[in-house]
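J.: Have a look at this fold, sequence not included:
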DNA sequence: ATTTTTTATATCACCAACTTATGAAAGTCC
DNA sequence: GGACTTTCATAAGTTGGTGATATAAAAAAT
């Protein structure tokens, strides 16, 4: 009934490792100025440019009102701004500001610095193995990103 | 002034990859019955046995009142229980229940299943690279876990 | 052996970020 | 041009967090 047999031992090992990794990685980003969703949304705006509000909430896994409120907060803090689409009066086009980019960069640098200190303590072969798996993780991330809402 | 030069290109690449990976991994665990802290705490209790309340809040990165409230919630849902230490009348010893273990297992299985479906779509060499990096990630997780509060 | 200080947990009042339900305005379709 | 649809905002309630503070047990000091 449990249907566990469709899961290979390897997949179980990978999922277990990721679970643990996720939890410790979570702690590596200290109580920041940005919430998880705020950071992720800003990074999206930075990576792939301005988006309409309705294009943001589903990929970030929150409701539409939550996204409206998040954008309001980000706007209040000067990290993003609302614009309008001349061709569609309903639309709100959200753009990241320079301050927003700076906030993302600060967060990234803080995490990178902490990670870097840890990577130094790792044996060289572990360092190499992680580096070697990076493109694979990248492709896996791509797959996850274009996933149905699960 | 930025002092960025102490960060190697490799570390930057790793941190960038992890950042992305973290965000998509976050979405892979659907709006579950357990909050992030609740899941992480239960996993800790499962992995390393009963703990006093004061030993839990710092590693999980929340305040002591937050942990008190979390344990109260978990107890109400039957996922953990409070006990006492005969040698120290102040202490509250928290233990995971069978229901708690089941909840952790359900969560893990859901995530594993979703991950497994994605891993299948990955080229075999990517799959292999991730598998090869797993022990390294494990050791990195250990390092992160015993990290000062950052 | 008291008194004082420290430690472990709980409670309180508040806040941030979400939820569902609903409303209003702009666009689309016969 | 009226009915439906899409997009965003607002309202009210919930959850999980915070700092300040209370209480009780243990440890330290006198």
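T.: On my side now, so go ahead. Just so we're clear, the structure is a prediction, and the values are computed from it rather than from any experiment.

J.: who touches residue A:113 in this structure?
T.: Going by Cβ atoms under 8 Å, 6 or more residues apart in numbering or on different chains, residue A:113 touches residue B:7. Backbone N, C-alpha and C define where each C-beta goes, glycine included.

J.: And it, how close does it get to DNA strand C?
T.: Relative to DNA strand C, residue A:113 is positioned 23 Å away (Cβ to the nearest atom of the strand, to the nearest Å).

J.: which stretch of helix or strand covers that residue?
T.: Using DSSP states H and E, residue A:113 sits in helix A:98-121.

J.: for residue A:131, same thing?
T.: Assessed by DSSP H and E, residue A:131 sits inside helix A:124-145.

J.: Please apply the same query to residue A:71.
T.: For residue A:71, the enclosing helix or strand under DSSP H and E is helix A:64-76.

J.: what angle sits between the lowest-mean-pLDDT helix or strand in chain A and helix B:98-120?
T.: Of all the helices and strands that make up chain A, helix A:9-28 has the lowest average by mean pLDDT, DSSP states H and E, namely a mean of 89. Counting by axes from the mean of the first three to the mean of the last three Cα atoms, to 10 degrees, helix A:9-28 lies at 110 degrees to helix B:98-120.

J.: packing partners for helix A:9-28?
T.: Secondary-structure packing of helix A:9-28 (3 or more Cβ pairs under 8 Å, 6 or more residues apart in numbering or on different chains; DSSP states H and E): helix A:98-121, helix B:9-28, helix B:36-48, helix B:98-120, helix B:124-145.

J.: Which positions in chain A make contact with DNA strand D?
T.: Contacts of chain A with DNA strand D, taken as Cβ under 7 Å from any atom of the strand, map to A:31, A:52-55, A:64-65, A:68-69, A:71-72, A:82, A:88, A:90-93.

J.: near DNA strand C, which of the residues you listed show up?
T.: Restricting the residues of chain A next to DNA strand D to those near DNA strand C by Cβ under 7 Å from any atom of the strand leaves A:65, A:69, A:88, A:90.

J.: Could you point out which residue ranges in chain A have low pLDDT?
T.: For chain A, applying pLDDT under 70 flags the ranges A:1-5, A:147-150.

J.: For it, which residue gets nearest to DNA strand C?
T.: Nearest to DNA strand C in chain A, going by Cβ to the nearest atom of the strand, is residue A:89, at a distance of 2.4 Å.

J.: from the chain's centre, how far out does the strand or helix carrying that residue sit?
T.: Using DSSP H and E, residue A:89 sits within strand A:88-96. Its chain's average C-alpha position is 22 Å from that of strand A:88-96, according to Cα atoms, centre = their mean, to the nearest Å.

J.: and that strand, anywhere near chain B?
T.: No - Strand A:88-96 does not reach chain B (Cβ under 8 Å from any Cβ of the partner chain); its nearest approach is 15.7 Å.

J.: For the ones next to DNA strand C among the residues of chain A next to DNA strand D, which single residue is the most surrounded?
T.: Comparing these by number of neighbours (other Cβ atoms under 10 Å in any protein chain shown), residue A:69 comes first, having 12 neighbours.

J.: Confirm that residue A:81 sits in a helix.
T.: No - counting by DSSP: H, G, I helix; E, B strand; the rest coil, residue A:81 is located in no helix; its state is strand.

J.: From residue B:75, how far out is it?
T.: Separation of residue A:81 from residue B:75 (Cβ to Cβ, to the nearest Å) stands at 46 Å.
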